[in-house]
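Peer 1: Any chance you could fold what I've pasted below:
(one chain, ligands or ions: 2)
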Amino acid sequence: MLRTLRIPFSATKHLPSRCCSGFVSRTRYVNQLKEDDEACLAALQNGHVFLFHHLRPLLQPTKTGTLRPAALVTPDVQSFLERLGSNPSLLKESVLIGCSEQNQAQFCLDVGELDQAAVEEACTGNFMDLGKSLFLLTGEEAPLLTKGQALLRWHQTSRFCSATGQLTQRNQAGSQRVCPSNGIVYYPKMSPVVIVLVSDGKQCLLGRQSSFPRGMYSALAGFCDMGESLEEALCREVAEEVGLEVLSISYSSSQHWPFPHSSFMLGCHATVSPTHTQLQVDHAELEDARWFSVEEIRSALK
Ligand SMILES: NC(=O)C1=CN([C@@H]2O[C@H](COP(=O)(O)OP(=O)(O)OC[C@H]3O[C@@H](n4cnc5c(N)ncnc54)[C@H](O)[C@@H]3O)[C@@H](O)[C@H]2O)C=CC1
Ligand SMILES: [Mg+2]
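Peer 2: Residues are numbered from 1 along each chain as shown. Ligands and ions are numbered 1, 2, ... in the order given. Okay, the predicted model is just below:
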C-alpha cells in the first residue's frame, strides 16, 4: 500500500508573525532568559505580566467594547499584591511566555491564592474561563494565553520528582524543573495528537464523540503512541475509529491545544480509495461518523 507524507508549500503561511528583523533578536533574548535566572528576574522587573486566577485569564474591556488580556506592568502588580497582603515572593512564581515586539519580556502569574473579586477590582478586569476567552480574543492574543495557562498548569501539577518523590525546583523562567537530589531535569510536557480530514476525493469524513455539543462533528483525532511516526499514528487512528485504510497523507499545519492538558495537534489531510468507503465505526470511541459532501460542509459553515 502507498502511504506518502507530503509537506505542501502553503504550510509557510502558518509561520509565526515576524513583522521585522527583530524576530531573531527577540527569540535569542527569550532563550537567554531561560538560561540565566538573574537576567530573567531583571526582565521581570520591567516586563508585562498576564494574570490568571486558578488558570482563568484576566481580561480587560477596551474602549471599543471588546476584551483583551490584561498586560500589567510589574510595579503595578507588585503594589497591588502588597496591598492585598499576598506572599511577597509570589511575583517570582511568574513564568516567562515570550517577548513583545516592543522587546518587553512577557510573563504569566497565577494569583489563585488571592481573593478573586479584590484582584478584579484592583485591575478593572474579570477572570474568565479560557475556552470562552478564546472566542472573544484575536488570533494574535489567544496563543499567549493558551501557552501561559499550559505552563502554569504544568508547574501546578508536576511539582515532584517521579524517581525520588522530592519537591523539584524550577528555574526563574519556569522552562524547567530540577530534582535537587538526583539532578533529573523535567521539561513541560505536551502530547502529540494527529487530527486528520479524510477524503475519498468527493466527500470528507467527520465524526463525533458523545461528549461533543449536540450536532457538532469534527475531523478524526487521536494521541500518538510511544515510538510511532505521525504517519503511523494517523493510519492507526483511522483504522481503529472508522475501519478504513489510508492511501496518502499530506501535512497541513499544527497548533498547541490546551484542553484538557497540553496537546500538540498535527493537522493532516488523508485520502482513502473511493471504492473502499464503507465505515465500521468503533462506538467505544465515536458516537457517530459520516461522509459529508462539500455542499453540506459549506452550508454548515454558513
Ligand atoms: N475531533 C476530536 O476528537 C478533537 C480532538 N481534540 C483533541 O485531541 C485529543 C485527542 O483526541 P481523542 O479522540 O480524544 O484521542 P484518542 O482517539 O487517542 O482517544 C483518547 C484515548 O486515548 C488514550 N490515550 C493515549 N494516549 C493518551 C494521552 N497522552 N493523553 C490522554 N489519553 C491518551 C486514552 O485512553 C484516551 O481515553 C483530545 O484530548 C482533544 O484535546 C481537539 C479537537 C478535536
Ligand atoms: Mg479519537
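
Peer 1: neighbours of the closest residue to ligand 2 within the chain, just the number please.
Peer 2: Here the residue of the chain nearest ligand 2 is G222; by Cβ to the ion that distance is 4.2 Å. All C-beta atoms are positioned from the backbone trio N, CA, C, and that covers glycine. Burial measure for G222: 17 neighbouring residues, criterion other Cβ atoms under 10 Å.

Peer 1: That one reaches V193, doesn't it?
Peer 2: Yes: between G222 and V193 a contact is recorded at 6.6 Å, counting by Cβ atoms under 8 Å.

Peer 1: Okay, strands next: where are they in the stretch 51-200 of the chain?
Peer 2: Counting by DSSP state E, counting those that start in this stretch, the stretch 51-200 of the chain has strands at residues 56-61, 67-69, 71-73, 95-99, 105-110, 126-127, 169-170, 177-178, 185-186, 191-199.

Peer 1: helices or strands up against the third one?
Peer 2: For strand 71-73, the elements it packs on are strand 48-53, judged by 3 or more Cβ pairs under 8 Å, 6 or more residues apart in numbering; DSSP states H and E.

Peer 1: Not counting its own residues, what contacts the strand it packs on?
Peer 2: Strand 48-53 is contacted from outside by 57-58, 69-74, 77, 91, 94, 97, 100, 104-112, 114, 116, 119, 123, 127, 144-145, 148-149, 152, using Cβ atoms under 8 Å, 6 or more residues apart in numbering.

Peer 1: repeat for stretch 230-244
Peer 2: Contacts to stretch 230-244, defined as Cβ under 8 Å, 6+ apart, come from residues 3, 5, 192, 194, 196, 198, 205, 207, 220-225, 228, 245-246, 249, 251, 266, 268, 270, 272, 276-282, 285-286, 289.

Peer 1: could I get it in PDB with only the CA atoms?
Peer 2: What follows is stretch 230-244, C-alpha atoms only, in PDB (Å, rounded to 0.1, in the frame of the first residue of the first chain):
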ATOM      1  CA  LEU A 230       2.900  10.800  12.600                       C
ATOM      2  CA  GLU A 231       2.000   8.700   9.500                       C
ATOM      3  CA  GLU A 232       1.700   5.500  11.600                       C
ATOM      4  CA  ALA A 233      -0.400   7.200  14.200                       C
ATOM      5  CA  LEU A 234      -2.700   8.700  11.600                       C
ATOM      6  CA  CYS A 235      -3.200   5.300   9.800                       C
ATOM      7  CA  ARG A 236      -3.800   3.500  13.100                       C
ATOM      8  CA  GLU A 237      -6.300   6.100  14.400                       C
ATOM      9  CA  VAL A 238      -8.300   6.000  11.100                       C
ATOM     10  CA  ALA A 239      -8.300   2.200  11.100                       C
ATOM     11  CA  GLU A 240      -9.300   2.000  14.800                       C
ATOM     12  CA  GLU A 241     -12.000   4.600  14.800                       C
ATOM     13  CA  VAL A 242     -13.700   4.000  11.400                       C
ATOM     14  CA  GLY A 243     -12.200   0.900  10.000                       C
ATOM     15  CA  LEU A 244     -10.600   2.400   6.800                       C
END
